[in-house]
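Peer 1: prediction below, plus the sequence it came from.
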Amino acid sequence: MARLTLLLGLILASFCACPSNAAETAQILRYENDVNLDSDGYAFSFETSDGISREERATLKNPGTPEEAIAVQGSVTWVGPDGVHYKLNYLADENGFQAQGAHLPQVEH
């Protein structure tokens, strides 16, 4: 789980990097965090004054079985240095990390 959290953090940090002073002076407008140890899950969300918002929810699938896996689902939005509003939705589970966003290259089948 720690590796998954680190990976998600690094990916999202690279998407949200902003060279303007707005990122240096951003204020937290909203922050919610809920860790539910009874169900082995968590949820959090935040929004900052520079246009970044993120929400994430994790649940334990098939607890106590050989198929036990954690599933993390979330989204992040930000305004890029180009002024464009971006949104990234993601799911990380036993099938790997799957990201969706209009700004991402699409794989043709």
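Peer 2: Nice, I can see it.
Peer 1: and the pLDDT for His85?
Peer 2: Looking at His85, its pLDDT reads 93.
Peer 1: does it touch Gly51 like I think?
Peer 2: Yes - in this structure His85 lies within contact range of Gly51 using C-beta atoms under 8 Å: 7.5 Å. Glycine gets a C-beta too; all of them are placed from N, C-alpha and C.
Peer 1: who has more neighbours, those two?
Peer 2: Gly51 (17 against 11; other C-beta atoms under 10 Å).
Peer 1: nearest residue to the more buried one in space, please, no chain neighbours.
Peer 2: In this structure, Gly51 finds its nearest non-sequential neighbour in Val79, 4.0 Å apart by C-beta to C-beta, 6 or more residues apart in numbering.
Peer 1: is the one you found bridged to anything, and to what?
Peer 2: Applying DSSP bridges to Val79 yields these beta-bridge partners: His85.
Peer 1: related to what we said a few turns ago, spit out the residues that contact His85 and Gly51 alike.
Peer 2: Thr77, Trp78, Val79 (C-beta atoms under 8 Å, 6 or more residues apart in numbering).
Peer 1: now Gly83: how far from Ala99?
Peer 2: From Gly83 across to Ala99, the span is 22 Å (C-beta to C-beta, to the nearest Å).
Peer 1: comparing those two, which residue is more hemmed in?
Peer 2: Using other C-beta under 10 Å as the criterion, Gly83 and Ala99 rank with Ala99 on top: 12 against 6.
Peer 1: isn't the more buried one right up against Leu88?
Peer 2: Yes - Ala99 lies in contact with Leu88 (C-beta under 8 Å); the separation is 5.9 Å.
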